[in-house]
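Colleague: Predicted coordinates and the sequence they were generated for:
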Amino acid sequence: MGIWRGKVPLSIITIIILAFVALLYTERLGPLSSKAIFRIKPCARKSADDKLVDVNGLNYAADYLFDFDPDQCSLNHGKWVFNRSIEPLYSDRSCRFLDRQVACVKNGRQDSDYRYWEWQPDDCRLPRFDPRMMLRKLKGKRLMFVGDSLQREQWQSFVCLVNSVIPKGKKSMKRGRLHSVFRAKEYDATIEFYWAPFLIESNTDIHILADPKQRIVKVDSIAKHAKYWLKVDILVFNTYVWWMSGLKTKTLWGSFANGAEGYEELETHVSYTLGLRTWANWVDSNVNPSKTRVFFTTMSPAHHKPADWGNENGTKCFNETRPITNKRHWGSGSDKRMMSVVAGVVGRMKVPVTVINITQLSEYRIDGHTSIHTELGGKVLTEEQKADPYHFADCIHWCLPGVPDTWNQILYTHLML
Ligand SMILES: *[C@@H]1O[C@H](CO)[C@@H](O)[C@H](O)[C@H]1NC(C)=O
Ligand SMILES: *[C@@H]1O[C@H](CO)[C@@H](O)[C@H](O)[C@H]1NC(C)=O
Ligand SMILES: *[C@@H]1O[C@H](CO)[C@@H](O)[C@H](O)[C@H]1NC(C)=O
Ligand SMILES: *[C@@H]1O[C@H](CO)[C@@H](O)[C@H](O)[C@H]1NC(C)=O
């Protein structure tokens, strides 16, 4: 065990930790024994007619009249299909709300195939994201994404997807360090982002500590962040990548006289369980499920090991231009144990949480990352940096438009139910 300078005797700590390990053990069994807890949601059946229906003078494909059957379709099993005639709803030129970090075309990405892949679930069709339908559904509501930089991408993708149909002057954007708000005025709707990379509090939330060894998470503290989540109609959470430093997680709970010194180093999945349980308790005691919908986006895979997809001579995700087609592919960047923690915690909540399970479908998309078409410290990579993908390629974040648009297509499908 790591440094412990708190006042609690070690034996109690050991008991607490053992209790949590026991808890983990039962949680991992949980998902196997209960199918219902995941609330697997279906999507429109493939056989649905493509009739057009008239909604306020506009034609919509009949797949908006979803014909759902939970036993027929899981959105996270399927394949990517190339379709050159797809027209992305935005580009990094048409949507000025994209961070330069993920605006790959602006940053020099030349190949464009990565924008033309559609996710095709095995047993049904994923409805296209219709921005007008979405905005109508959000009328008078607040939608908030909460989490890390990948969640911020999902938020920006969502903003850009609806932005195309909102005229100039009918929208506003206020960016803040922690909380950002996009407003669609005619719809009295907001699409917000709140930065909380661990969901629970940590010493690296606002002033980011570059050295993971200095980071300490406070697994039982969430109120500072969560007060911003009250009265939101649709909450979409995530947290994963910040836990994955490869080190044990310096974890603090309870209140100790000697403050940050009283941490314990825990295995990451143990600390993650404690943090997620705090989040789950907050949701269960503060969210009224008849007013608020809660979603959780699963881990977004990083692609740092080309050997995972049989490209022994590759350098991370650099120069990849096609998705993986092997259906059984699962890379080393997605930790199954962390996934089972999410499943276990969410499965035991009182408030129903819909899991947007993006991991498998994103695992295939080694071609979708920003790679060298990104910025570092606010500056687009220089030619020298671009020539050194081993050190500078970003294989965690995604180009936009790109893969997170599909995450939002899934969110959209659930919201339109
Ligand atoms: C490709 O996209 C176009 C335009 O959205 C669509 O009409 C067509 O059905 C798609 N093709 C396939 C094979 O899905
Ligand atoms: C990797 O590079 C080595 C040496 O250049 C070559 O012999 C080998 O065939 C390459 N492997 C693949 C999978 O391309
Ligand atoms: C990257 O791909 C391009 C096009 O396939 C190729 O010309 C180039 O040599 C590749 N670069 C590296 C460093 O492998
Ligand atoms: C997400 O899907 C994967 C399979 O693609 C599954 O193993 C995992 O348990 C799912 N996660 C959750 C939290 O439901």
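Modeller: Nice, I can see it. Numbers count the residues shown, from 1 in each chain. Ligands and ions are numbered 1, 2, ... in the order given.
Colleague: Can you list the strands that whichever strand or helix holds residue 354 pairs with?
Modeller: For residue 354, the host element (DSSP states H and E) is strand 353-356. Partners of strand 353-356 in the sheet, by DSSP bridges, are strand 293-297 (parallel).
Colleague: How about the residues of the stretch 201-350 of the chain by ligand 4?
Modeller: 298, 339, 342, 343 (Cβ under 6 Å from any ligand atom). The C-beta positions use only the backbone N, C-alpha and C, and glycine is treated the same way.
Colleague: Most neighbours out of these, which is it?
Modeller: residue 342 (25 neighbours; other Cβ atoms under 10 Å).
Colleague: isn't that residue right next to residue 296, touching?
Modeller: Yes. Residue 342 lies in contact with residue 296 (Cβ atoms under 8 Å); the separation is 6.6 Å.
Colleague: Output the residues of the stretch 201-350 of the chain next to ligand 4 in CSV; the columns should cover distance to residue 400, secondary structure and pLDDT.
Modeller: Output for these, formatted as CSV (distance: Cβ to Cβ, whole Å; DSSP: H, G, I helix; E, B strand; the rest coil; pLDDT from 0 to 100):
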residue, distance to residue 400, secondary structure, pLDDT
298, 19, coil, 97
339, 25, helix, 96
342, 24, helix, 98
343, 28, helix, 97
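Colleague: quick one on the thing from earlier: mind listing the shared neighbours of residue 342 and residue 296?
Modeller: Contact criterion Cβ atoms under 8 Å, 6 or more residues apart in numbering; residues shared by residue 342 and residue 296: residue 355.
Colleague: who touches the residue in the stretch 101-250 of the chain positioned nearest to ligand 1 in this structure?
Modeller: At 6.5 Å from ligand 1, residue 118 is the closest residue in the stretch 101-250 of the chain, using Cβ to the nearest ligand atom. Residues in contact with residue 118 (Cβ under 8 Å, 6+ apart) are 80, 81, 82, 83, 86, 126.
Colleague: any idea how far residue 83 is from it?
Modeller: Distance from residue 118 to residue 83, counting by Cβ to Cβ, to the nearest Å: 5 Å.
Colleague: Need the overlap of contacts for these two.
Modeller: Counting by Cβ under 8 Å, 6+ apart, residue 118 and residue 83 have no contacts in common.
Colleague: Show the model's pLDDT score for the residue in the stretch 101-250 of the chain that ligand 4 sits nearest to.
Modeller: Residue of the stretch 101-250 of the chain nearest ligand 4, by Cβ to the nearest ligand atom: residue 240 (11.0 Å). Note for residue 240: predicted pLDDT of 96.
Colleague: can you pull out the helices in the stretch 201-350 of the chain?
Modeller: 223-226, 268-286, 336-347 (DSSP state H, counting those that start in this stretch).
Colleague: can you list the residues of the stretch 1-150 of the chain near ligand 1?
Modeller: Proximity of the stretch 1-150 of the chain to ligand 1, by Cβ under 6 Å from any ligand atom, involves residues 83, 85, 86.
Colleague: Out of those, who's the most crowded?
Modeller: Busiest of these [other Cβ under 10 Å] is residue 86, holding 13 neighbours.
Colleague: nearest residue to it other than its sequence neighbours?
Modeller: Distances taken as Cβ to Cβ, 6 or more residues apart in numbering put residue 116 closest to residue 86, at 5.4 Å, once the chain neighbours are dropped.
Colleague: Give the buried residues for stretch 375-387.
Modeller: By neighbour count on 16 or more other Cβ atoms under 10 Å, the buried set for stretch 375-387 is 375, 380, 381, 385, 386.
Colleague: And stretch 212-231, by the same measure?
Modeller: Using 16+ other Cβ under 10 Å as the test for burial, stretch 212-231 gives 215, 216, 217, 218, 219, 220, 221, 222, 225, 226, 228, 229.
Colleague: picking up where we left off before, so the residue of the stretch 101-250 of the chain closest to ligand 4 is in contact with residue 299, correct?
Modeller: Yes. Applying Cβ under 8 Å, one finds residue 240 in contact with residue 299, separated by 3.8 Å.
Colleague: Give me the common contacts of these two.
Modeller: Residues touching both residue 240 and residue 299 (Cβ under 8 Å, 6+ apart): residue 338.
Colleague: OK, contacts around residue 221?
Modeller: Counting by Cβ under 8 Å, 6+ apart, residue 221 has contacts 200, 201, 278.
Colleague: quick one: pLDDT of it?
Modeller: The model reports residue 221 with a pLDDT of 94.
Colleague: Check the burial of residue 140 by counting its neighbours.
Modeller: Other residues within reach of residue 140, judged by other Cβ under 10 Å, total 8.
Colleague: err, residue 93, not the other one
Modeller: When neighbours are counted by other Cβ under 10 Å, residue 93 comes out with 10.
Colleague: Doesn't residue 172 belong to a helix?
Modeller: No. Counting by DSSP: H, G, I helix; E, B strand; the rest coil, residue 172 is located in no helix; its state is strand.
Colleague: That one: how many residues sit nearby?
Modeller: Residue 172 has 11 neighbours, counted by other Cβ under 10 Å.
Colleague: Hmm, residue 183 and it touching each other?
Modeller: Yes. Applying Cβ under 8 Å, one finds residue 172 in contact with residue 183, separated by 4.8 Å.
Colleague: I'd like the mean pLDDT over stretch 170-178, please.
Modeller: Stretch 170-178 carries an average pLDDT of 97.
Colleague: Same check on stretch 303-320?
Modeller: Stretch 303-320 shows a mean pLDDT of 95.
Colleague: what distance separates it from the middle of the whole chain?
Modeller: In terms of Cα atoms, centre = their mean, to the nearest Å, the centre of stretch 303-320 is set 23 Å apart from its chain centre.
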